[in-house]
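Chemist: Sequence plus predicted model, see below.
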Amino acid sequence: MNGSGTSAALAIETSGLTKRFGRQTAVDSLDLAVPHGSVFGFLGPNGSGKTTTIRVMLGLAGATSGSVRIFGQEMPGHLRSVLPQVGALIEGPAFYPFLSGASNLHRLDTADRHAPAATRRRRVGEALERVGLTHAANKKVRAYSLGMKQRLGIANALLMPRQLLVLDEPTNGLDPQGTREVRSLVRSLAGGGTTVFVSSHLLSEVEQICSHAAVMRAGKLVAQGTLDELRRVGLTHLSIQTPDAEAARAVLRRLGLEPEGPEAALDGQVSTPMNRPELLPEDIAAALVADGVRLRGFVVEAGSLEDRYVELTGEGFDVVQ
Ligand SMILES: Nc1ncnc2c1ncn2[C@@H]1O[C@H](COP(=O)(O)OP(=O)(O)OP(=O)(O)O)[C@@H](O)[C@H]1O
């Protein structure tokens, strides 16, 4: 995982990352691999260690052990060169309520020593436009809805060009309208090669906006990959109807699958869990046919991502919204 070839393809990589608070292990030997250009959902129930991981990744808290690389650079050693490429929204932005959205962004931009003053006005205008707040640019922030404040927080993260955006629960506490606004904004940020790392306790949210996800449970990573990979592993099931059941079982075993024995199936039926995500149904069908297995039926039943998460996290997931 730490070879330079692999790191170059990853925006974020953690290796054995561990964070303890006294005797409590909040993050336990975490190996995250976030590909460049992905919208990566960091999913897990409340208290599973997401915020702590993000704080350690961005150098806001120290790791107990393990390492973090952002764009292949070891953190926190390279914080100064890496952070200007990273926009972050953590634990709700703090704005002056009596200033307008635009004035708040001006103030925050002034505090960023990498941000050129000459382009400030243009960049503030563009960031507000990007999050759909141009019409409210001169309104005082105390008149903003929660969703508007959250979008202003994202605009703040976008004041400078960013290769990576890290958003911690950006829809937390928003009403349905604000939630929709922020979700569609997050989706639109992913263009142009920017990697978006977004934490959420809502599975449905991750399904709507992400290309990849990692699932946390009590500080440990229990799965990660593309959403398709996560759907495929484990719960997907293949049922075949064939007069050549014994030969079919032999082919499946050769492919590394574990077909249920004849006693578990009806005559002429072979079924197997599809627990090798890299093995596609079309390849299995081709292998069966190549070995002379005559197929009458071939059915792949995909488990839902929701089933998968309940299985992985061992608890009912908050799936509504
Ligand atoms: N500063 C701290 N001191 C002691 N314990 C902490 C501290 N920060 C976090 N924890 C504990 O670490 C665990 C993980 O918390 P964390 O906030 O990272 O989870 P989370 O997945 O982000 O959950 P949430 O969505 O509720 O923020 C929790 O049990 C929490 O109580």
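Modeler: Yes, it's here. Nothing here was measured: the structure is a model prediction, and the numbers come from that model.
Chemist: which bits of this structure sit near the ligand?
Modeler: Listed as neighbours of the ligand in the chain under the rule C-beta under 6 Å from any ligand atom: 21, 24, 26, 44, 46-52, 201. Glycine gets a C-beta too; all of them are placed from N, C-alpha and C.
Chemist: Just name the closest of these to L257, please.
Modeler: Closest approach between the residues of the chain next to the ligand and L257, by C-beta to C-beta: G44, at 29.6 Å.
Chemist: how far out from the middle of the chain is the helix ranked longest in the chain?
Modeler: When the chain is parsed with DSSP state H, its longest helix is helix 176-189. Relative to the chain's own centre, helix 176-189 is displaced by 15 Å; criterion: C-alpha atoms, centre = their mean, to the nearest Å.
Chemist: Give the buried residues for it.
Modeler: For helix 176-189, the neighbour count (16 or more other C-beta atoms under 10 Å) marks 178-179, 181-183, 185-186, 189 as buried.
Chemist: Please tabulate those in a markdown table and include pLDDT as additional columns.
Modeler: Output for those, formatted as a markdown table (pLDDT from 0 to 100):
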| residue | pLDDT |
| --- | --- |
| G178 | 81 |
| T179 | 87 |
| E181 | 83 |
| V182 | 84 |
| R183 | 88 |
| L185 | 84 |
| V186 | 88 |
| L189 | 84 |
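Chemist: Give the helix, strand or coil label for L238.
Modeler: Classification of L238 by DSSP: H, G, I helix; E, B strand; the rest coil places it in strand.
Chemist: I'd say it and Q269 touch.
Modeler: No. Counting by C-beta atoms under 8 Å, L238 stays clear of Q269, with 11.0 Å between them.
Chemist: So for these two, which sits in the more crowded spot?
Modeler: A count of neighbours by other C-beta atoms under 10 Å puts L238 above the other of L238 and Q269, at 20 against 17.
Chemist: Look up which residues are beta-bridged to the more buried one.
Modeler: Beta-bridge partners for L238, by DSSP bridges, are T272, V300.
Chemist: confidence score at it?
Modeler: Per-residue pLDDT puts L238 at 88.
Chemist: residues contacting it?
Modeler: Neighbouring residues of L238 by C-beta atoms under 8 Å, 6 or more residues apart in numbering: 257, 271-274, 281, 284, 298-301.
Chemist: Distance of the closest residue in space to I90 that isn't next to it in sequence relative to I54?
Modeler: With sequence-adjacent residues excluded and distances taken as C-beta to C-beta, 6 or more residues apart in numbering, I90 is closest to D168, at 4.6 Å. The span separating D168 from I54 equals 5 Å under the rule C-beta to C-beta, to the nearest Å.
Chemist: Which residues outside the longest strand seen in the chain are in contact with it?
Modeler: Assignment by DSSP state E gives strand 10-21 as the longest strand of the chain. Contacts to strand 10-21, defined as C-beta under 8 Å, 6+ apart, come from residues 1-2, 6-7, 25-38, 40, 49, 52-53, 56-57, 61, 63-72, 163-164, 195, 197.
Chemist: picking that back up, quick check: bridge partners of the residue nearest to I90?
Modeler: The partner residues for D168, given DSSP bridges, come to S199.
Chemist: Return the residues in contact with the residue lying farthest from the centre of the chain.
Modeler: Largest separation from the mean C-alpha position in the chain: P243, at 43.9 Å (C-alpha atoms, centre = their mean). Neighbour list for P243: 268, 294, 296 [criterion: C-beta under 8 Å, 6+ apart].
Chemist: burial count for the first one?
Modeler: As a burial measure, the neighbour count of G268 was computed by other C-beta under 10 Å and equals 15.
Chemist: What is the neighbour count of whichever residue of the stretch 101-250 of the chain sits closest to the ligand?
Modeler: Proximity of the stretch 101-250 of the chain to the ligand (C-beta to the nearest ligand atom) peaks at H201, 5.6 Å away. Number of residues near H201 (other C-beta under 10 Å) recorded here: 19.
Chemist: List the contacts of the residue nearest the centre of the chain.
Modeler: By C-alpha atoms, centre = their mean, the chain has its centre lying nearest to G41, at 1.6 Å. The contact partners of G41, by C-beta under 8 Å, 6+ apart, come to 198-200, 205-206, 209-210, 212-214.
Chemist: among the residues you listed, which are in strands?
Modeler: Members of the contacts of G41 lying in strands (criterion: DSSP E): 198-200, 212-214.
Chemist: Turn the residues you listed into JSON lines, columns for neighbour count.
Modeler: Converted to JSON lines, the ones in strands among the contacts of G41 look like this (neighbours: other C-beta atoms under 10 Å):
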{"residue": "V198", "neighbour count": "27"}
{"residue": "S199", "neighbour count": "24"}
{"residue": "S200", "neighbour count": "26"}
{"residue": "H212", "neighbour count": "23"}
{"residue": "A213", "neighbour count": "25"}
{"residue": "A214", "neighbour count": "26"}
